[in-house]
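S.K.: Build me a model:
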Amino acid sequence: MSDQMKSDVIADIDRRAARLIEVSRSIHANPELNFEEHHAHDLLCGVLESSGLPVTRHAYGVGTAFEAVAGTRGPEILVLLEYDALPGIGHGCGHNVIAAAGLGAGLAASTLAERVGGRVRILGTPAEEGGGGKIHMARNGAFATGDAAMMIHPADADLLRMHSIAIHTVDVEYAGRAAHAAAAPWEGRNALDAAVLGYMNVAALRQHIRPTERVHGIITEGGEKANIVPRRAAANWYVRSDTMETLQPLKARVIDCLQGATSACGCSMTARWDDVAYADVRDNSAMVAAYTANMSDLGRTVLDPDVIGRRVTGSTDMGNISYLLPSIHPMVKVAPDGTAIHTEDFARFAGSESGDAAVLVGAKAMALTVVDLWTNANLLADVRREFASVTSSVDVLA
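M.R.: Take a look at the predicted model:
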C-alpha cells in the first residue's frame, strides 16, 4: 500500500509540475522583504484554494503567513514554506524554491490524508531573513501541535543538513557630548571613538572564542559632521554560537567588550537585543534517513557535508521549530558546485532550470517522507524517541 501511495504522490507532483514551476518563477521575479511578501502570500494561498484546500490567510497574527490543512486524524506533519527575499539581490537564498517545493509536497500529501489516516498542515512562514516569522507564529500557537516538521533549503549540493548555528543580534547606541572639534574639542565626549574602541575590543575577543562561533558587526551611525565631536554613534552586531546554551555566555562577553569602551571615552551605552533569537537546527536523524532514502529513489544522492567538507553555515528560525517539534532542514542542489548562497549568482540559478528541477525533486522527496511518517509506525516511534532524548532548558520563544 505504501508503494502505491508513493507512486501516487509522485504522479500528482508531475501533473502539477508546470504550475509549481510557474509559482517558483513568479515569486523569484517579484522579490519581497521581511513581512512584505504580499504577492507570494496571495499567490500561494490562491493555488491552495483552487486545489480545494481551506486556507487561513494572515495566520497566527502574522500578516503574510498562512495555513492550509488536510486530514482530520492520525499523525500530523507540518510542511513549511519560506518566500521572503534579500535586499538588493532578491532570491539569493532561493526561497522561491522552498515555497514551490513545499507547496507541491503539501498538495500531493493532502490528496492522501483522509485515505491514509494522516494530517498535513501547510504553513507559509514569512520573514526568515532576519524577521523571525516562525518565532512570531510559534508564540501564537502555530507549532503547539504536530508530530514532525520539514522543509528544504537550496544550496550548491544535495546535503543532509545545513550547519545552522544560534544567533542573536543587538543594536548598541553610544551617547557622548557634542563640541566644536577645532575650537573646543576638550569639551566634547566622542561617541564615535567609543563605537570604534568597542569594535576593536570585539576584534580582540575573536582570538579567544571557539572556531565555531562568530561575532560580526558594523557601525551604523558615526556623527553628523567632521568638525563636530560626535555626540551619538550606533552599531549593529550579530553574535553566533553552536547552540542556544553556548550563545548566552558569548553574548555577555560581547556586551562587556562594547561597554568597556565607554570608560575610556567618557560616554554611556545602551544595548537593545532583537525581539527574536534564532536557535541552532536540531535535525532529527531518523527523519533525515527517510528523506535521504527517498531522494536516492528519485536519483539524487544526498551527501554528508562533514564527510565531503562542504558545510553551508548560517542561521535560520527553523532552528527554533526544531526545539519544538522533530524537524529536518536538508539542502537541495540548485546551483553549480561552489556557488555560495546569498549571492547574485545564486539568485540567478534559483530562477533557472536547475531551480525548477530542485522544486520538483524537493516536493517529491518531502511528500514521500510524509507518507513514510504516516504509514511506518516504527519510523514515527524512532522520530519521537530521538526528539524526547534531547532536552534543553532554553526558552527558544523568549
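S.K.: which residue ranges form the strands in the protein?
M.R.: Using DSSP state E, the strands found in the chain span residues 55-57, 66-70, 76-81, 119-124, 148-150, 153-155, 163-164, 166-175, 214-221, 232-241, 268-273, 313-314, 327-328, 331-333.
S.K.: quick one: low-confidence ranges for the protein?
M.R.: 1 (pLDDT under 70).
S.K.: angle of the longest helix along it against strand 76-81?
M.R.: Scanning the chain for the longest helix, with DSSP state H as the assignment, gives helix 2-29. Here helix 2-29 points in a direction 30 degrees away from that of strand 76-81 (axes from the mean of the first three to the mean of the last three Cα atoms, to 10 degrees).
S.K.: residue contacts, the most centrally placed residue in the chain?
M.R.: What sits nearest the mean C-alpha location of the chain, by Cα atoms, centre = their mean, is residue 316, with 3.0 Å. Contacts for residue 316 (Cβ atoms under 8 Å, 6 or more residues apart in numbering) come out as 128, 153, 162, 164, 278, 281, 329. From N, CA and C alone the C-beta is placed, and that goes for glycine too.
S.K.: what does residue 62 give?
M.R.: 35, 126-127, 133, 136-137, 140.
S.K.: Can you get me a residue count around residue 19?
M.R.: 16 (other Cβ atoms under 10 Å).
S.K.: if I look at it, how far off is residue 104?
M.R.: 9 Å (Cβ to Cβ, to the nearest Å).
S.K.: cool, and residue 139?
M.R.: Spatial separation of residue 139 from residue 104 under the definition Cβ to Cβ is 29 Å.
S.K.: what do you get for residue 14?
M.R.: For residue 14 relative to residue 104 (Cβ to Cβ), the value is 10 Å.
S.K.: Return the backbone torsion pair for residue 30.
M.R.: phi -130, psi 70 (degrees, to the nearest 10).
S.K.: For the residue nearest to it when sequence neighbours are not counted, give me its contacts.
M.R.: Using Cβ to Cβ, 6 or more residues apart in numbering and skipping the chain neighbours, the partner closest in space to residue 30 is residue 39 (4.6 Å). Counting by Cβ under 8 Å, 6+ apart, residue 39 touches 26-27, 30, 32.
S.K.: circling back: may I see the strands of the chain organised as TSV, with mean neighbour count and distance to residue 381 added?
M.R.: TSV is the format used below for the strands of the chain (neighbours: other Cβ atoms under 10 Å; distance: least, Cβ to Cβ, whole Å):
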stretch	mean neighbour count	distance to residue 381
strand 55-57	17	31
strand 66-70	22	24
strand 76-81	26	15
strand 119-124	26	18
strand 148-150	26	12
strand 153-155	27	27
strand 163-164	20	26
strand 166-175	21	29
strand 214-221	15	37
strand 232-241	21	32
strand 268-273	14	39
strand 313-314	15	32
strand 327-328	28	17
strand 331-333	25	27
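S.K.: Can you show me the helices along this structure?
M.R.: 2-29, 38-50, 95-110, 113-116, 133-139, 191-205, 244-265, 285-297, 305-308, 318-324, 344-350, 353-375, 377-389.
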